[in-house]
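I'd like to go over a predicted model; first the sequence, then the structure.
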Amino acid sequence: MRNDYTVVQKLLHWAMAGIIMLDLFIAQKFGNSMDIADRLESRADHSTMGLLVLTLFVIRLVLRFVYGVPKEDGTSPLWQVWLAKVAHGLLYVLMGLLVASGLLTAMSATSPIEIFGVIDITFGRMDGAIFDFVRQFHEFFTEVIIALVIIHVVAALYHQFIRRDNLLLKMLKFRRF
Ligand code: HEM
Ligand code: HEM
């Protein structure tokens, strides 16, 4: 068993963290009233980035099965080891639910959503009520993942600055020196 994530796993972690947070930032304005042209353009940008996240997510899942996770260094109490496993598992589940519900929301939209400005991914212009129904799940999963990411970041800072085991630096280290 390895004692660190592979460079590709680390790159994927940080790339996805960055894109998810950026996409979340773009999506903040959907909650407010918007000019319709702006909303449709923002939906297309948001969905295109979301599909990029979906692609990276699939690659990351495959790599997790291929390379697994680093072995425990044996310094943490068992309950913390399990808590980290559960938290990481939940982050994967939520990333999956977020992109899947986003895709379903986009497919049920009543106006075209063109990915990369070219491919319309809506599914035959459904009823606005269906769009609103699906969208509330997407919004809910967004809220849950935000809460999980906050806990995750607090845990990373706890390791780095209270336990001082350099877990965060290890995740940021891409070469052996
Ligand atoms: C990267 C992960 C994603 C995050 C963090 C995210 C976040 C959000 C948020 C916060 C909203 C606004 C919810 C509301 O206020 O009602 C939203 C709406 C939406 N999202 Fe996502 N989303 C993601 C992925 C996706 C994907 C993969 C798609 C489609 C392929 C998508 C399509 C949509 C659509 C169509 C809306 C509704 C826009 C509107 O109300 O006009 N999202 N998303
Ligand atoms: C959308 C944001 C994020 C998500 C979804 C996320 C998800 C994950 C997941 C699932 C893992 C387990 C390793 C893997 O399979 O890749 C992980 C590890 C890690 N993450 Fe994040 N992460 C996010 C943002 C952050 C941020 C902002 C930080 C730093 C402040 C951070 C620090 C770490 C560290 C240090 C590890 C290694 C933990 C260990 O080895 O036990 N993550 N992250």
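Cool, got the structure. Ligands and ions are numbered 1, 2, ... in the order given.

ligand 1 contacts on this structure?
Contact residues, the chain versus ligand 1 (C-beta under 6 Å from any ligand atom): 20, 23-24, 27, 30-31, 39, 43, 46-47, 50-51, 53-54, 98-99, 102-103, 105-106, 109, 135, 138-139, 142. All C-beta atoms are positioned from the backbone trio N, CA, C, and that covers glycine.

which of those residues are buried? Put it as a PyMOL command.
Applying 16 or more other C-beta atoms under 10 Å to the residues of the chain next to ligand 1 leaves a buried subset, and the PyMOL line that selects it is:
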select buried, resi 20+23+24+27+43+46+47+50+51+53+54+98+99+102+103+105+106+109+135+138+142
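
in helices, which of the residues of the chain next to ligand 1 fall?
Among these, the residues falling in helices (DSSP state H) are 20, 23-24, 27, 39, 43, 46-47, 50-51, 53-54, 98-99, 102-103, 105-106, 135, 138-139, 142.

of these, list those near ligand 2.
Applying C-beta under 6 Å from any ligand atom to these, those adjacent to ligand 2 are Ile20.

my read is that Thr75 contacts Arg164, right?
No: Thr75 lies out of contact with Arg164 (C-beta atoms under 8 Å); the separation is 10.9 Å.

how about low-confidence regions in the chain?
1, 176-177 (pLDDT under 70).

so which residue is smack in the middle of it?
Met95 (4.3 Å; C-alpha atoms, centre = their mean).

tell me the contacts of it?
Met16, Ile20, Val53, Phe57, Ile145 (C-beta atoms under 8 Å, 6 or more residues apart in numbering).

how about Leu169?
Gln160.

Phe174 belongs to a strand?
No: counting by DSSP: H, G, I helix; E, B strand; the rest coil, Phe174 is not part of a strand but coil.

just give the number of residues close to it.
Phe174 has 10 neighbouring residues, counting by other C-beta atoms under 10 Å.

in contact with it, which residues?
Phe174 neighbours (C-beta under 8 Å, 6+ apart): Val7, Lys10, Leu11.

so which of those belong to helices?
Val7, Lys10, Leu11.

which of those residues count as buried?
Applying 16+ other C-beta under 10 Å to those flags Lys10 as buried.

need the ones in helices among the contacts of Phe174 in TSV with distance to Met126, can you?
Formatted as TSV, these follow (distance: C-beta to C-beta, whole Å):
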residue	distance to Met126
Val7	43
Lys10	40
Leu11	38
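
just the closest of the ones in helices among the contacts of Phe174 to ligand 1, please.
Leu11 (17.3 Å; C-beta to the nearest ligand atom).
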